[in-house]
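Engineer: build me a model from this:
(one chain, ligands or ions: 1)
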Amino acid sequence: MKTVQIDVAIIGAGSAGLPAYRAAKAAGATVLLIEGGPHGTTCARVGCMPSKLLIAAAEAAHSATHTIPFGVHIDGSVRVDGREVMRRVKSERDRFVGFVLDGVEAIPEHEKITGYAHFIDDGLLQVDDHTRVRARSIVVATGSSPVIPLQYRALGDRAIINDNVFEWNDLPRKVAVVGAGVIGLELGQALAYLGVDVTVLGARGRVGPLSDPAIKAYAEKAFNASYRLETRAEVETVERIGNSVHIRYRTGTGDVVEDSFDYVLVAAGRKSNVDRLGLKNTSLKLDADGNPVFDPRTLQAGNHPVFIAGDANGILPIQHEASDEGRAAGTNAAHFPNVLPMIRRAPLSIVFSHPRMAMVGARHTDLPPQSFVTGEVSFEDQGRSRVMLRNQGLMHVYVDKNTRMFLGAEWIGPDAEHIAHLLAWALQMNLTVDAMLEMPFYHPVVEEGLRAALRDSVAALKALEK
Ligand SMILES: Cc1cc2nc3c(=O)[nH]c(=O)nc-3n(C[C@H](O)[C@H](O)[C@H](O)COP(=O)(O)OP(=O)(O)OC[C@H]3O[C@@H](n4cnc5c(N)ncnc54)[C@H](O)[C@@H]3O)c2cc1C
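Structural biologist: Next up, the predicted model:
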């Protein structure tokens with residue numbers, strides 16, 4: 001077996017691993033990038049990009065079937081050609097993956113290696129059965145994988161995950177989506193808009209990442225208008241019969257429903273891939289789940305020269321966070337023992353549902369109840385939203401009672417993916433609600449809805465003074 005000596009070994013060439021490679025190199029280290037699976041990143045191959053491509057087709061279909069209130073009639077039917085939809089999803093996806101592959105191709109051969117790595121001891125990795133890598137520092141950027149609960153494993157090829165959806169050549173007739181998190185809601189609604197009969201079975205009342213009860217309730221009602229969404233489903237039995245899956249579940253109100261589906265799309269959460277790394281062979285401190293204990297600011301595992309970035313660390317499983325963490329981990333790995341805390345951007349997450357959902361800053365559930373006021377706006381009567389017939393949504397903004405600082409927001413509504421950026425930027429600039437209201441708002445735009453929510457929070461602050 002070959003042995004390689006290196007400053008920094010990076011396990012995983014995804015959205016975290018690639019920036020880690022570049023950062024460690026820029027810091028002057030010798031670097032080896034280890035990738036066991038297909039190159040191209042989860043985001044481009046089976047995540048962010050193909051899901052947004054499917055959603056784009058779904059929104060085109062939705063718009064085409066919702067023209068009549070404008071007085072615009074499509075005389076003749078609107079037809080979704082599943083084969084053409086999937087062809088575009090895959091060909092555009094391949095284009096995006098191609099850009100990543102070009103970048104990997106440009107990495108010199110001696111700086112990359114193919115195979116799955118695991119720890120032999122603290123500073124020694126083995127890659128498949130061909131190479132041992134002795135590294136001064138190691139970046140773990142191994143990503144995450146879907147959790148497939150036991151009851152779905154016996155369904156064979158009828159139980160699928162997001163990866164499989166983007167390999168379809170055509171759209172199926174009927175799908176059950178297990179999980180009402182971000183992936184389940186995005187893919188479930190996209191399939192429904194494309195004419196697939198969709199039931200989303202969530203548990204524990206979850207609606208994407210939302211934590212504000214009022215926003216959650218609004219979103220659940222809004223989504224239920226376009227597909228069946230059971231947020232408190234209890235799946236009792238799952239059985240494969242021929243090429244279909246029979247599911248018996250109990251709804252939140254106690255009704256028992258039995259239904260058959262072509263596929264069950266399992267979107268019941270994801271778990272870190274660190275469990276496959278042989279961490280027990282190291283002296284790293286592990287938590288009860290076998291994950292390394294690490295400092296979320298420096299990403300360092302204890303005092304070891306091991307840094308954990310991206311979905312592998314389970315902090316915020318989103319692309320830009322993975323990329324920032326990768327850069328920080330690569331830099332710290334190269335400069336070890338001079339390790340610095342990373343500077344995080346304002347928390348920002350977006351769900352590409354229709355309407356979009358977004359969260360900025362502190363989650364409602366994490367705010368001490370007496371510390372803040374809530375400003376609210378409904379988008380149902382919001383001028384521009386009504387003009388465009390996209391007047392569905394509810395927004396809550398949270399403002400600190402004492403400092404009048406903007407703390408965060410949760411909402412569902414039109415243009416949320418853009419408004420979320422305005423709010424994240426305001427948060428990162430430490431603006432008060434008063435400073436935010438001094439910013440320009442053009443007329444008529446959806447952002448005037450945000451202004452109404454901010455004004456509502458000011459009114460709530462004033463009411464407290466009385
Ligand atoms: C359906 C879906 C939609 C998403 N949509 C969005 C979105 O719209 N916006 C957003 O911000 N985020 C989105 N995400 C999340 C985003 O894709 C992830 O946060 C991001 O890809 C994580 O990057 P990573 O580098 O941590 O993991 P990855 O990109 O998965 O990279 C990890 C790499 O490590 C490799 N690996 C694992 N174990 C080993 C080993 N032992 N040895 C060698 N190599 C190994 C894997 O093969 C993989 O290539 C989505 C995810 C999914 C699944």
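
Engineer: tell me the contacts of the residue nearest the centre of the chain?
Structural biologist: Compute the mean C-alpha point of the chain, and by Cα atoms, centre = their mean the closest residue is Ile318, 4.8 Å away. The contact partners of Ile318, by Cβ atoms under 8 Å, 6 or more residues apart in numbering, come to Ser349. Using the backbone N, CA and C atoms, a C-beta is placed for each residue, glycine as well.

Engineer: flag every residue of the stretch 151-300 of the chain that's near the ligand.
Structural biologist: Asn162, Ile183, Asn273, Arg276, Leu277 (Cβ under 6 Å from any ligand atom).

Engineer: name the nearest of these relative to Tyr398.
Structural biologist: Checking these against Tyr398 with Cβ to Cβ, the nearest one is Ile183 at 26.3 Å.

Engineer: which pLDDT value goes with the closest one?
Structural biologist: Ile183 is assigned a predicted lDDT (pLDDT) of 98.

Engineer: right, and the helix or strand after the helix or strand where it lies?
Structural biologist: Assigned by DSSP states H and E, Ile183 belongs to helix 182-193. Going down the chain from helix 182-193, the next helix or strand is strand 197-201, by DSSP H and E.

Engineer: just the angle between the helix or strand just after that following strand and helix 182-193, please?
Structural biologist: Moving toward the C-terminus from strand 197-201, the next helix or strand (DSSP H and E) is helix 213-224. Inter-element angle recorded for helix 213-224 and helix 182-193: 30 degrees (by axes from the mean of the first three to the mean of the last three Cα atoms, to 10 degrees).

Engineer: distance of Met439 relative to Phe406?
Structural biologist: 12 Å (Cβ to Cβ, to the nearest Å).

Engineer: compare the two (neighbour count), which wins?
Structural biologist: Phe406 (28 against 13; other Cβ atoms under 10 Å).

Engineer: residues of the stretch 1-150 of the chain that sit close to the ligand?
Structural biologist: 11-17, 34-37, 41-43, 47-48, 51, 116-117, 141-143.

Engineer: give me the subset of those lying in helices.
Structural biologist: Gly17, Thr42, Cys43, Cys48, Ser51 (DSSP state H).

Engineer: what sits against the residue of the stretch 51-200 of the chain found nearest the ligand?
Structural biologist: Of all residues in the stretch 51-200 of the chain, Gly143 sits closest to the ligand, at 2.6 Å by Cβ to the nearest ligand atom. Each residue near Gly143 by Cβ under 8 Å, 6+ apart is listed here: Gly12, Gly14, Ala16, Thr42, Ser272, Asn273, Gly310, Asp311, Ala312.

Engineer: nearest spatial neighbour of it, skipping sequence neighbours?
Structural biologist: Asp311 (4.7 Å; Cβ to Cβ, 6 or more residues apart in numbering).

Engineer: list the buried residues of stretch 399-413.
Structural biologist: In terms of neighbour count (16 or more other Cβ atoms under 10 Å), stretch 399-413 has its buried residues at Val399, Asp400, Arg404, Met405, Phe406, Leu407, Gly408, Ala409, Glu410, Trp411, Ile412, Gly413.

Engineer: mind picking the two most distant members of the residues you listed?
Structural biologist: Arg404 and Ile412, at 25.5 Å, using Cβ to Cβ across those.

Engineer: which residues of this structure fall in helices?
Structural biologist: Under the criterion DSSP H, helices of the chain are mapped to 17-26, 42-46, 48-64, 82-105, 150-153, 162-165, 182-193, 213-224, 319-335, 383-387, 416-428, 433-437, 447-465.

Engineer: Tyr398 reaches Leu367, doesn't it?
Structural biologist: Yes: between Tyr398 and Leu367 there is a contact under Cβ atoms under 8 Å: 5.9 Å.

Engineer: how about the residues of the stretch 301-450 of the chain by the ligand?
Structural biologist: Residues of the stretch 301-450 of the chain that fall close to the ligand, judged by Cβ under 6 Å from any ligand atom: Gly310, Asp311, Ala312, Pro317, Ile318, Gln319, His320, Ala322.

Engineer: which of those sits closest to the ligand?
Structural biologist: For these, the nearest to the ligand is Gly310 (2.3 Å; Cβ to the nearest ligand atom).

Engineer: the closest residue to the closest one other than its chain neighbours: what's it in contact with?
Structural biologist: Distances taken as Cβ to Cβ, 6+ apart place Ala16 nearest to Gly310, at 2.8 Å, with adjacent residues excluded. Neighbour list for Ala16: Val139, Ala141, Gly143, Ala309, Gly310, Asp311, Ala312, Ala322, Ser323, Glu325, Gly326, Ala329 [criterion: Cβ under 8 Å, 6+ apart].

Engineer: which of those lies closest to Ala190?
Structural biologist: Asp311 (21.9 Å).

Engineer: quick one, what contacts the closest one?
Structural biologist: By Cβ under 8 Å, 6+ apart, Asp311 lies in contact with Gly14, Ala16, Thr42, Gly143, Ser144, Arg270, Ser272, Asn273, Pro317, Ala322.

Engineer: columns pLDDT on top of those residues, output as TSV?
Structural biologist: What follows is the contacts of Asp311, written out as TSV (pLDDT from 0 to 100):
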residue	pLDDT
Gly14	98
Ala16	98
Thr42	98
Gly143	98
Ser144	98
Arg270	97
Ser272	97
Asn273	98
Pro317	96
Ala322	98
